[in-house]
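Visitor: Starting from these lines, generate the structure:
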Amino acid sequence: MVESKDKLRMDKIMNSILRGRSISKYFGGLQALSNVDFNVDRGIIFSIIGPNGAGKTTLFNLISGFDRNYEGEVVLEDEPISHYAPHIITIKGVARTFQNVRLFRNLSVLENVAVGCHGWLSPRYLRAIFNVKASRREERTAESFAKEMLAYVGLEGKEHDEVESLALGEQKLLEIARALAAKPRLLLLDEPGAGLNDREMDNLQEIIFKTKEQNITQIIVEHNMKLIMRISDQIMVLNFGTKIAEGEPQDILNDQKVIEVYLGKDKDLA
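Guide: Numbers count the residues shown, from 1 in each chain. Predicted coordinates for the structure are as follows:
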């Protein structure tokens, strides 16, 4: 029996792409996350939900290296990444978008996506974007791949547009294209559906499913529960920095504690 349990535990670890152990984060005297454990299997869509202030974006910042001052450990496959800077974590296969879009306003749409290629191209190309001499072959490679990613998210034909000319929904798609340009194994999407209309939401859902077909694992923070219930393989629920539930969508939908603190009585989320 002990050997069987150990084998199940090892199989679980071998199948995971990301694990968090006893993650705790303080802002001054305020605890934003409290002993959060999680395990994300390869190739799935893993969603994180919860009320505002639950710690969702804070957890994203810890995973992606934008905040390294925390307790616990984040492990990417078999490598701890808790103390790596964001660009190192990106090179190792983790890319992300942001709740409030972060784009280079002085660069074109195409150049914004091409920046995402820096992790797998020579650093000379990134300098080239900012008008420093670099290899033309690398530049062509990055531009070609950036165009592919723009077409992937439905922004073909806008390569030379200014970022400011894009609607909010298009800017969110541009961030996804830039993240995908990094060729990640793990993609973190922070509220990708915020501010989108129904048509844009349908397009986002299609992109998420297409990305899953590419065997890219996705972790998604999102408040649109209808979208979450349609796309998720596993859902983790946070409340005041504590994990209160984890499971498949139907399990979460019927969890009494989740209903009380987040979903309310309206469970018509299909």
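
Visitor: State the number of residues packed around residue 55.
Guide: Look at residue 55: counted by other CB atoms under 10 Å, it has 24 neighbours. Bear in mind the C-beta positions are built from the backbone N, C-alpha and C, glycine included.

Visitor: That should have said residue 103, apologies.
Guide: Using other CB under 10 Å: residue 103 sits among 19 other residues.

Visitor: In contact with the closest residue to it other than its chain neighbours, which residues?
Guide: Residue nearest to residue 103 in three dimensions, not counting chain neighbours: residue 163, with 4.9 Å by CB to CB, 6 or more residues apart in numbering. Residues near residue 163 by CB atoms under 8 Å, 6 or more residues apart in numbering: 103-105, 107-109, 112, 171, 174.

Visitor: Any figure for the gap between residue 163 and residue 157?
Guide: According to CB to CB, to the nearest Å, residue 163 and residue 157 sit 15 Å apart.

Visitor: what do you get for residue 202?
Guide: With CB to CB as the criterion, residue 202 and residue 157 are 20 Å apart.

Visitor: quick revisit: could you tell me which of the contacts of residue 163 count as buried?
Guide: If you count burial by 16 or more other CB atoms under 10 Å, the buried members of the contacts of residue 163 come out as 103, 107-109, 112, 171, 174.

Visitor: Go through the residues you listed and name the one nearest residue 187.
Guide: Of all the buried ones among the contacts of residue 163, the one with the least separation from residue 187 (CB to CB) is residue 174, at 14.6 Å.

Visitor: Residue 35 belongs to a helix, doesn't it?
Guide: No. According to DSSP: H, G, I helix; E, B strand; the rest coil, residue 35 belongs to no helix; its state is strand.

Visitor: how about it, what does it touch?
Guide: Contacts of residue 35 by CB under 8 Å, 6+ apart are 22-24, 72, 242.

Visitor: Residue 176 now?
Guide: By CB under 8 Å, 6+ apart, the residues touching residue 176 are 97, 153, 189, 192, 207.

Visitor: again with residue 238
Guide: When contacts are counted by CB under 8 Å, 6+ apart, residue 238 touches 33, 36, 48-50, 54-56, 59, 244.

Visitor: now do residue 147
Guide: Counting by CB under 8 Å, 6+ apart, residue 147 touches 110, 156, 159.

Visitor: Now with 10 Å, please.
Guide: Residues in contact with residue 147 (CB atoms under 10 Å, 6 or more residues apart in numbering) are 110, 113-114, 155-156, 159, 177.
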